[in-house]
Structure formats: C-alpha cells, structure tokens
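Colleague: From the sequence below, what's the structure:
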Amino acid sequence: MAPPSSRRSGHSRRAQYSIFTGYVLASIGALIGAVLLAISIFQPSAFSGVRGTAINAVEPAAEVTTTSRTGFASLYDNVSGYLRAGSQNAALNEELEIARIKLEEAKAVEQENLRLKALLDIKQDEVEPIVVSRLVGSTSASTRRFAYLGAGSSDGVAVGMPVRGPHGVVGRILEVSSNSARVMLLTDSESVLPVRRADDEVVAFAEGRGDGLLNIRLINLGINPLEPGDVFVTSGAGGYYRPSVAVAIVDEVTSDGAIARLIADPAASDIVSVEPIWQPAALQSAQIPVQIALDEVEADQ
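Modeller: Numbers count the residues shown, from 1 in each chain. Predicted coordinates for the structure are as follows:
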C-alpha cells in the first residue's frame, strides 16, 4: 500500500498566486474607495463632471420612464376627472332644477303678497271688508258665469254683498251656505250693473255677455260719446255697490254704447274681499213696491 501524500493544495503556486492577487486587488479597491470617500467628503465638487457624465448616460432611459409615468398619471387623472365630472354635473343639474322650482315658488308668493297688499291698501274713508277670501272655483263652459268663494254665512257673508278684486268689482254674492258662497260675476248673462264714465257723468248699464266681456248700454241715446280706452266705474245707483269703484275699459264702440273688458279679471283675482251692501235701505225701499205688485197679482189670480 502506497503511503499517503503529505502534499497540501495550499503549497500549489497557482493557488498561492490567486490568493495573493485577491488580497492585492481587495487592498487596492479598499484604498481607492478610501481615497474617493475622502475626496467626496473634503472636495465634493471634484466629482461633478463624473456625476454629469453619469446623468447624461442615464437621461434617455429616465426620460422614457418619466414620460410613461406622466402619461399614465395623466390618463388616470383624465378618466377619474371624467367620472367625477359626470357625477358633479348630475348633482349640479339637480340643484339647478331645485333652485328653479324654489324661484318659481318665491315669485308666486311675491305675486300673492302683492294682491293681498292691494286688497288691504284701502283708504281710511272706505268701508272695511266683511272678509278677505279666495275664489276656489268657477264655471268654465256656460253663458252663466259663477265663481265660488271660500267663505260663507259663518264669516258674515250675505246675499247681495259686492265682491271686489285688487283692481275693481268682480261680482256680487248670489247664494250663501255656512262655509261657502256662490258669486255671480259681472260677465254673467244675467248681470246688470249701473255704471258711469269715470271723467264725466255719462251713465250706462254694464251687462254681462257670458263670454268674458261686457256690453255698455247708454241710458241717454243719441250721439255716442264713448271712445276706446274710456274707463267706467260704479255709479252707486241700485244700492249694491258704492260709487267710483273701477269696472271696465272700453275696447270697441257700438251704435248704442260699447263692448268693454273687465278691469278686475276674475281669472286673475283669486283673492277677493267681500264688502257690505252700500245702501241696504235703498234696496229695501226698491223691493217693497215689487213685493206689493207681486201680492196684487197673486190676489187677482
């Protein structure tokens, strides 16, 4: 049996040279690193050129990366912004619609306040209204023109009382119940109202036509003095309406008078005031001869 070799690998020259070369290179690298570290600490500007060269070398790749990142971020912002804009636009449209509705409601309230102020702005020498109420309905397709008042006998309303809108006479009470009343409008075919021209003493009767207009019938026939635009007011005759309350404006002159339109249009006078009868005694004195005549007729029969 051959004796084992006592020779070790460390005694190989090639291995020794490799180990020595590794130590030398490591030492040189450490020395160079220490020198560079010392230079970077005590003289930082010495490596500005090297840094600039390195930056120039990696700039194209960094620019591509930055452009890609920026483009992706811009795309994300655009998509998310579009989605947010859609929801915000819907919310703004809803708010705009609500604001428009509120504005219309405010305009309606303002108009109602103006009508109420016009009704309540009564001169000190005028009579106090019995009640201020609302017209809750009216006839629509008939020559008879009635409206229905949201107040009745429990509020002091009685048959014959004049009904007045903010701008003038509307009609008078025809029937009364406890909480409502029926109003015969001036445009009703059975309505006859004594009137006069506002700027003089030309007297006439305002007769309802059943079509929303009035016939002005002159009492004194002859040369017709009326002209378009003439204003007629109550004369006070008959005892129902106190004098000088606006009634109608002449639109068209006829042979025996004129065709006129109401100043206080019932369609625009939803809030009205009920006034007391101007001269109840005159009505009673006018009704007595009529009642006597009716009694005589019944007695003859």
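Colleague: residue boundaries of the strands in this structure?
Modeller: 131-138, 146-149, 162-164, 169-176, 181-185, 192-197, 203-208, 213-218, 231-234, 246-253, 257-262, 271-274 (DSSP state E).
Colleague: Next, format those as a markdown table and append mean pLDDT and mean neighbour count.
Modeller: Bear in mind the C-beta positions are built from the backbone N, C-alpha and C, glycine included. Output for the strands of the chain, formatted as a markdown table (pLDDT from 0 to 100; neighbours: other Cβ atoms under 10 Å):
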| stretch | mean pLDDT | mean neighbour count |
| --- | --- | --- |
| strand 131-138 | 86 | 16 |
| strand 146-149 | 90 | 20 |
| strand 162-164 | 92 | 26 |
| strand 169-176 | 92 | 22 |
| strand 181-185 | 92 | 23 |
| strand 192-197 | 92 | 21 |
| strand 203-208 | 93 | 21 |
| strand 213-218 | 94 | 21 |
| strand 231-234 | 92 | 21 |
| strand 246-253 | 92 | 19 |
| strand 257-262 | 93 | 22 |
| strand 271-274 | 90 | 22 |
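Colleague: Make a markdown table out of these and add distance to residue 156.
Modeller: A markdown table is the format used below for these (distance: least, Cβ to Cβ, whole Å):
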| stretch | distance to residue 156 |
| --- | --- |
| strand 131-138 | 6 |
| strand 146-149 | 12 |
| strand 162-164 | 13 |
| strand 169-176 | 10 |
| strand 181-185 | 11 |
| strand 192-197 | 23 |
| strand 203-208 | 26 |
| strand 213-218 | 29 |
| strand 231-234 | 22 |
| strand 246-253 | 24 |
| strand 257-262 | 26 |
| strand 271-274 | 8 |
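Colleague: Can you say which of these is nearest to residue 37?
Modeller: Closest approach to residue 37 among those (Cβ to Cβ): strand 271-274, 96.7 Å.
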